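Asks: one predicted model, sequence on top.
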Amino acid sequence: MNKYAIKQLSVFVENKKGELTDTTSILFEENISIKSLLLVESTGFGILRLIVENPDKAKEVLVEAGYTVKLDQVFAVKVEDKLGKFHKVAKILSEHDINILYTYAFRNDNAGVFVFKVDKSDFTKAMEALEDGNLEIMEPSFFY
């Protein structure tokens with residue numbers, strides 16, 4: 001596994017009141033801290049993307065509770081809060097023919113931390129391209 005690979009949970013949840021609370025309660029009861037979260041809705045269901053303190057244990061307890069859970073490999077890049085800095089990341093990946101499947105962000109100090117999902121076959125190439133571009137790729141220890 002690549003040193004920058006972060007384990008992210010994708011949890012399929014029903015699109016109904018209380019479902020997010022039900023899901024996060026399971027993690028809370030198991031003392032699993034949520035570090036990053038994105039909930040995307042669709043008709044009838046949602047996809048909850050989570051980076052948590054203990055992703056393997058989180059997957060296990062959520063599956064035991066009846067959820068469909070997938071572990072994905074993502075990476076995160078710290079992007080200074082200045083005009084054009086995110087564009088630089090996207091441009092580097094594009095110039096290396098790497099498709100961004102999705103990205104989401106959160107704020108940390110005076111920067112954004114952008115989480116990216118790319119095709120598994122492009123993961124190493126993406127890391128090399130971003131390192132060559134002198135970008136700060138976050139190691140998993142940043143999250144857990």
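Replies: Looks like it arrived, so ask away. Residues are numbered from 1 along each chain as shown.
Asks: any low-confidence regions in this structure?
Replies: Residue ranges of the chain with pLDDT under 70: none are present.
Asks: strands of that one, start to end?
Replies: Using DSSP state E, the strands assigned to the chain run over residues 6-14, 34-42, 45-52, 68-80, 100-108, 111-118, 136-138.
Asks: among those strands, which comes closest to residue 21?
Replies: Checking the strands of the chain against residue 21 by Cβ to Cβ gives strand 6-14 as the closest, at 10.7 Å. Where you see a C-beta, it was placed from the backbone N, CA and C, and this is true even at glycine.
Asks: and the closest residue to residue 12 other than its chain neighbours, how far from residue 27?
Replies: The shortest distance from residue 12 to any non-neighbouring residue, by Cβ to Cβ, 6 or more residues apart in numbering, is to residue 68 (4.4 Å). Remark: distance between residue 68 and residue 27 (Cβ to Cβ, to the nearest Å) = 16 Å.
Asks: repeat for residue 47
Replies: 16 Å.
Asks: okay, these two: which has more neighbours?
Replies: In this view residue 47 and residue 27 are compared by other Cβ atoms under 10 Å, and residue 27 has more residues nearby, 21 against 15.
Asks: what about residue 10, how many neighbours?
Replies: Residue 10, neighbours per other Cβ under 10 Å, totals 18.
Asks: enumerate every residue touching it.
Replies: 47, 48, 49, 69, 70, 71, 72 (Cβ atoms under 8 Å, 6 or more residues apart in numbering).
Asks: could you double-check that the last one lies in contact with residue 8?
Replies: Which is residue 72. Yes - using Cβ atoms under 8 Å, residue 72 is in contact with residue 8, at 4.8 Å.
Asks: so for stretch 69-83, what gets flagged as buried?
Replies: 69, 74, 75, 76, 77, 78, 79 (16 or more other Cβ atoms under 10 Å).
Asks: export those to a markdown table and tack on distance to residue 39?
Replies: Formatted as a markdown table, the buried residues of stretch 69-83 follow (distance: Cβ to Cβ, whole Å):
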| residue | distance to residue 39 |
| --- | --- |
| 69 | 14 |
| 74 | 16 |
| 75 | 21 |
| 76 | 18 |
| 77 | 22 |
| 78 | 23 |
| 79 | 22 |
